[in-house]
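Trainee: fold the following, please.
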Amino acid sequence: MDVAGGIHAYALSSGRIATVAVDGMSFHLPVQIGDLISCHCVTQRTGTTSIAVKVETWVKRRADGSEEKVTEGLFTYVAIDAKGRPRPLSVGES
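Mentor: Model (predicted):
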């Protein structure tokens, strides 16, 4: 989920990002062997240097093809420069 959210945040930040927090992770149902997993990301908010991304994980059950949300969480990422320091998000992102 962190990788999926990180890809989403990276695309919005036009550069390097770092995960700084995972808030409110909820595990609703178990993932079973053979399930097809999909992560869906939505920007919740942006700040001067940060992006909060809601990530939901859904499965398509191998046994019957049904789809269910199994996990969700809120991930916060910070845009960073080459030295790992916070940097402002690019213009037009917030």
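Trainee: where exactly do the strands run in the chain?
Mentor: Per DSSP state E, the chain carries strands over the ranges 17-27, 36-46, 50-60, 67-79.
Trainee: give me the sheet partners of the first one and which way each runs.
Mentor: It refers to strand 17-27. strand 67-79 (antiparallel) (DSSP bridges).
Trainee: for Leu89, which of the strands of the chain is the nearest?
Mentor: For Leu89, the closest of those is strand 67-79, at 5.3 Å, according to CB to CB. Yep, even glycine has a C-beta here, placed from its N, CA and C like the rest.
Trainee: hmm, Glu68 and Leu29 touching each other?
Mentor: Yes. Shown here, Leu29 and Glu68 form a contact pair, counting by CB atoms under 8 Å, at 5.8 Å.
Trainee: coming back round to it: the strands of the chain into a markdown table, with extra columns for mean pLDDT?
Mentor: Formatted as a markdown table, the strands of the chain follow (pLDDT from 0 to 100):
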| stretch | mean pLDDT |
| --- | --- |
| strand 17-27 | 95 |
| strand 36-46 | 97 |
| strand 50-60 | 98 |
| strand 67-79 | 98 |
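Trainee: may I see those strands arranged in JSON lines, with distance to Asp2 as well?
Mentor: Formatted as JSON lines, the strands of the chain follow (distance: least, CB to CB, whole Å):
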{"stretch": "strand 17-27", "distance to Asp2": "6"}
{"stretch": "strand 36-46", "distance to Asp2": "10"}
{"stretch": "strand 50-60", "distance to Asp2": "8"}
{"stretch": "strand 67-79", "distance to Asp2": "6"}
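Trainee: those: which one's closest to Ile7?
Mentor: That would be strand 36-46 among these, by CB to CB, at 7.8 Å.
Trainee: other SSEs contacting that closest one?
Mentor: Contacts defined by 3 or more CB pairs under 8 Å, 6 or more residues apart in numbering; DSSP states H and E place strand 36-46 against helix 2-13, strand 50-60.
Trainee: and that strand, which strands flank it?
Mentor: strand 50-60 (antiparallel).
Trainee: now the angle from the strand it pairs with to helix 2-13?
Mentor: 130 degrees (axes from the mean of the first three to the mean of the last three CA atoms, to 10 degrees).
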